[in-house]
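Participant: Turn this into a model:
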Amino acid sequence: MHPALAPYVASAVAYDVDLGGAGVHRGLPSTTLTLVLPVGEPLEVGWSGLPGTRARRWSTVSGLHAHPAEIHHAGHQRGVQLALTPAAAPALLGVPSAALAGELLEVGDVAPALGDLPGRLQETPSERWLALVERALLERLSASGWGLGAVAPRAEVGHALARLTRGASVAAVATDVGFSRRHLASLVRAEVGVTPKQVQRLGRFEASRALVGRLPLAEVAGRCGFADQAHLTREWVALAGCPPTTWLREEFPFLQDIGPGPGEGLRP
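Facilitator: All right, here's what the predicted structure looks like:
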């Protein structure tokens, strides 16, 4: 991605994955917003346990959330997925990050100027998907006037979010930025739509997801700030809907094909 997009796009992945047959895989929570642009057929996704949220969409935009999604597929998935920072919501989509928390929306409903992007992607060769998305985002950034370095409303809030994402305790972060815990909670919720504790949990979970399958679970727990392996497993059940061992068994073919990082499990 272009350097001008660095404050807003944490990662961008073009994927073309053969899953060997129809099924459902889990979209896991993370500390970034997600934009998924499927190619070939719509993405059928909804929040786990909430069948009323399930729909087929040619694009999916979601903010921070502390529960898994269910992504239904016919055995083959193609498209582009982006992990966006909270600053990307106002800069690229024209809405506060908090307005997207817990939502599953189409990009045209959020940012009408990007409404034709899913259709344009269908007509573009796969080797040019990322270039097309990059160009559309750069145009949107220029039009929004956010290309002048304004990437966060308050430096203290950005610093707090960064520390919480890395697993620091809410009390330590509040002391560090000089706010009471209540004031910090108000500012963080206004910025991203979830509480500081939820941001911290998401950061710890995200860190563990990068290590699960690569290290013993007890070591993952210790490295990522969980009290012990049992605590790690409880948090995985709460946030992913299953223990880490189950997730690895279910998602292994997908992980092999799409690689590590935000592509792990197509995260709305």
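Participant: can we go C-alpha only for contacts and neighbour counts from here?
Facilitator: OK.
Participant: Mind jotting down where the strands sit in this structure?
Facilitator: Taking DSSP state E to define them, one finds strands in the chain at 9-18, 23-27, 33-38, 43-47, 55-57, 60-62, 69-73, 76-84.
Participant: for the second one, which positions count as buried?
Facilitator: I take that to be strand 23-27. 24-27 (16 or more other Cα atoms under 10 Å).
Participant: What of the fourth one?
Facilitator: Applying a neighbour-count criterion of 16+ other Cα under 10 Å, one finds 43-47 buried in strand 43-47.
Participant: circling back: in JSON lines, list the buried residues of strand 23-27 along with pLDDT and distance to residue 114.
Facilitator: What follows is those, written out as JSON lines (pLDDT from 0 to 100; distance: Cα to Cα, whole Å):
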{"residue": "24", "pLDDT": "88", "distance to residue 114": "28"}
{"residue": "25", "pLDDT": "83", "distance to residue 114": "27"}
{"residue": "26", "pLDDT": "87", "distance to residue 114": "27"}
{"residue": "27", "pLDDT": "90", "distance to residue 114": "23"}
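Participant: Among the buried residues of strand 43-47, list the two that are farthest apart in space.
Facilitator: Maximum pairwise distance in those, criterion Cα to Cα, is 13.1 Å, between 43 and 47.
Participant: what bridges to residue 79?
Facilitator: residue 15, residue 38 (DSSP bridges).
Participant: That one touches residue 14, doesn't it?
Facilitator: Yes. If you go by Cα atoms under 8 Å, residue 79 and residue 14 touch, sitting 5.8 Å apart.
Participant: Of those two, give the one with the bigger neighbour count.
Facilitator: Taking other Cα atoms under 10 Å, residue 79 and residue 14 do not tie; residue 79 has more neighbours (24 against 20).
Participant: Assess the claim that residue 68 and residue 50 are in contact.
Facilitator: No. If you go by Cα under 8 Å, residue 68 and residue 50 don't touch, sitting 10.5 Å apart.
Participant: between the two, which one's more packed in?
Facilitator: Taking other Cα under 10 Å, residue 68 and residue 50 do not tie; residue 68 has more neighbours (24 against 10).
Participant: picking that back up, what's the closest of the strands of the chain to residue 228?
Facilitator: Residue 228 lies closest, by Cα to Cα, to one member of those: strand 23-27, at 24.2 Å.
Participant: What is the closest one packed up against?
Facilitator: strand 69-73, helix 244-258 (3 or more Cα pairs under 8 Å, 6 or more residues apart in numbering; DSSP states H and E).
Participant: now that strand against strand 43-47, angle please.
Facilitator: Counting by axes from the mean of the first three to the mean of the last three Cα atoms, to 10 degrees, strand 23-27 lies at 60 degrees to strand 43-47.
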